[in-house]
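J.: need a 3D model of the following:
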Amino acid sequence: MSKLSVQITEESFGQVIHLLEQEECCGSLEVGIFTCDQGKSLERHGHGDCAEWCYLLDGEAIFDIEGEKTTVKQGEMILLPAHSQHLSFSALEDRGFTSIFIVTRKV
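T.: Below you'll find the predicted structure:
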């Protein structure tokens, strides 16, 4: 048994912990933990043919998918469809949020 390396990147919006990035098994798979600081957001982006699932570990977030906004609270999950442009930001005035994300082709 061997330990796997974890890559941590500090970004302008917060922090991303890359737990897994795999191309061989199912075409594409990425798993990580995303922390978004209060008042910050990723640029609007998409994942092409891949969908993204986000499960809120802490806080409350607003996900903007193609202009439609949905509030997701701690313990809830949202699907960001393939071929969609999206961004997310904290719904709370006093803190950010943390989510685990899974990006893969929807089967």
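J.: worst mean pLDDT across the helices and strands of the chain, which element?
T.: strand 14-22 (a mean of 81; mean pLDDT, DSSP states H and E).
J.: give me the low-pLDDT residue ranges for the protein?
T.: 1, 3, 22-27, 106-107 (pLDDT under 70).
J.: can you do 90?
T.: 1-9, 11, 13-30, 42-43, 105-107 (pLDDT under 90).
J.: hmm, Leu79 is touching Trp53, no?
T.: Yes: Leu79 lies in contact with Trp53 (CB atoms under 8 Å); the separation is 5.6 Å. Glycine gets a C-beta too; all of them are placed from N, C-alpha and C.
J.: quick check: closest non-adjacent residue to Thr70.
T.: Spatial nearest neighbour of Thr70, excluding adjacent residues (CB to CB, 6 or more residues apart in numbering): Phe63 at 5.1 Å.
J.: neighbours of the one you found, how many?
T.: By the criterion of other CB atoms under 10 Å, Phe63 has 21 neighbours.
J.: that one: which element?
T.: strand 60-65 (DSSP states H and E).
J.: and if you look at Cys54?
T.: Counting by DSSP H and E, Cys54 is found in strand 51-58.
J.: over to His83?
T.: Using DSSP H and E, no helix or strand contains His83.
J.: phi and psi next, for Ala91.
T.: phi -90, psi -10 (degrees, to the nearest 10).
J.: ugh, wrong one, I meant Ser84
T.: phi -110, psi 150.
J.: repeat for the one 3 residues further on
T.: Recorded main-chain torsions at Leu87 are phi -150, psi 170, according to degrees, to the nearest 10.
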